[in-house]
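>>> Need a 3D model of the sequence below.
(one chain, ligands or ions: 2)
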Amino acid sequence: MGGTRGRMAKGRATTPKTVALATMKGGSGKSTLAVCLAAAWAGAGERVTLIDGDRQRSVTRWRAAGEALATIPLVETDPHGVPEAVRLALADGATRVVVDTPGFRAAGMEDALSRADAILVPLKPSPVDFEVAADTVELITGLSHPPPHRFLLTQSVRDSVVARHMRSEMIAAGYTLLVAEMLHRVVYPEAALMGATPMTTAPRGGAARDIEAIRAEVDALLANPV
Ligand SMILES: Nc1ncnc2c1ncn2[C@@H]1O[C@H](COP(=O)(O)OP(=O)(O)OP(=O)(O)O)[C@@H](O)[C@H]1O
Ligand SMILES: [Mg+2]
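Ligands and ions are numbered 1, 2, ... in the order given. Model (predicted):
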């Protein structure tokens, strides 16, 4: 059975997979989604490792601000160090590795994404985010083995005209989006301040539901990558 991490996941055992968050647009919600997805997978019985590949260290600071994420191992590195960090996490028994990356074309971004089984691209419903989407796709499709990627609307207001417009424009332009959205909710920055997650502060709230829907969709993509 190996070392401390080499055991079966509690509750379920899935094929180990690595998911990276990436955009060429800063502030779109990568780090927030990385932390929340990691917590959701841990809650579902996966053995999760977080890799903070962004020198801003948003994920590292979030985890250090409280107790809710203390049981999830975290590796601090830069984009170039991500492939080795992923390799070690998987060798150590992780079943879900979540990689946060810088929000621009940083040196080593290709390295940071090279080991991912899927890439999630959060974007806000705004014209700038729409324009930058093409650059992100160019980065991903330029990888030597591009994994599947999905856009994901974040910080949107439910049923707002701008969010609906953004979704239809993205689809018309040929982009693939998750059905689930990460709506604008103050519980995310609040959770970051407290080192908590919406699943710990408001387990029956809308944010926890959003995250659970995103997790389920990403798991389906990982099980059947297209
Ligand atoms: N769904 C949301 N609702 C409300 N606020 C959010 C949401 N997602 C992110 N935020 C807030 O928006 C800001 C940017 O989010 P975050 O740091 O996750 O983005 P990022 O893409 O990692 O940014 P960077 O490019 O700087 O790394 C943060 O203050 C965060 O708390
Ligand atoms: Mg970030």
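
>>> Contact partners for the residue nearest the centre of the chain?
The chain has Ala34 as the residue nearest its centroid, 3.6 Å off, counting by CA atoms, centre = their mean. Ala34 makes contact with 21, 50, 59, 98-100, according to CB atoms under 8 Å, 6 or more residues apart in numbering. Every C-beta, even on glycine, is put in place using the N, C-alpha and C of the backbone.

>>> Which among those residues count as buried?
21, 50, 59, 98-100 (16 or more other CB atoms under 10 Å).

>>> Now intersect those residues with the helices, please.
Residues of the buried ones among the contacts of Ala34 located in helices (DSSP state H): Val59.

>>> Could you work out the most separated pair of the buried ones among the contacts of Ala34?
Leu21 and Leu50 (10.8 Å; CB to CB).

>>> hey, what's in contact with both of the two?
What both Leu21 and Leu50 touch, as defined by CB under 8 Å, 6+ apart, is the set 34, 98, 100.

>>> So which of the residues you listed is the closest to ligand 1?
Of all the shared contacts of Leu21 and Leu50, ligand 1 sits closest to Asp100, with 6.8 Å by CB to the nearest ligand atom.

>>> which is the next helix or strand following the helix or strand bottoming out on mean pLDDT in the chain?
Lowest by mean pLDDT, DSSP states H and E among the helices and strands of the chain is helix 109-114, with a mean of 92. Downstream of helix 109-114, the first helix or strand assigned by DSSP states H and E is strand 118-123.

>>> Can you tell me the strand partners of that next one and which way each runs?
Strand 118-123 has the following strand partners under DSSP bridges: strand 17-21 (parallel), strand 149-156 (parallel).

>>> quick one: which of those is nearest ligand 2?
Ligand 2 lies closest to strand 17-21 among the strands paired with strand 118-123, at 7.9 Å (CB to the ion).

>>> picking up where we left off before, which other helices and strands contact the least confident helix or strand of the chain?
If you count contacts as 3 or more CB pairs under 8 Å, 6 or more residues apart in numbering; DSSP states H and E, helix 109-114 packs onto helix 82-91, helix 127-141.

>>> mind giving me JSON lines with those and columns for mean neighbour count and distance to ligand 2?
Compiled in JSON lines, the helices and strands packed on helix 109-114 are given as follows (neighbours: other CB atoms under 10 Å; distance: least, CB to the ion, whole Å):
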{"stretch": "helix 82-91", "mean neighbour count": "19", "distance to ligand 2": "14"}
{"stretch": "helix 127-141", "mean neighbour count": "16", "distance to ligand 2": "14"}
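
>>> Contact partners for Thr197?
35-36, 39, 68-69, 191.

>>> Mind pulling up the pLDDT for the closest residue to it other than its chain neighbours?
Using CB to CB, 6 or more residues apart in numbering and skipping the chain neighbours, the partner closest in space to Thr197 is Ala39 (4.2 Å). Per-residue pLDDT puts Ala39 at 98.
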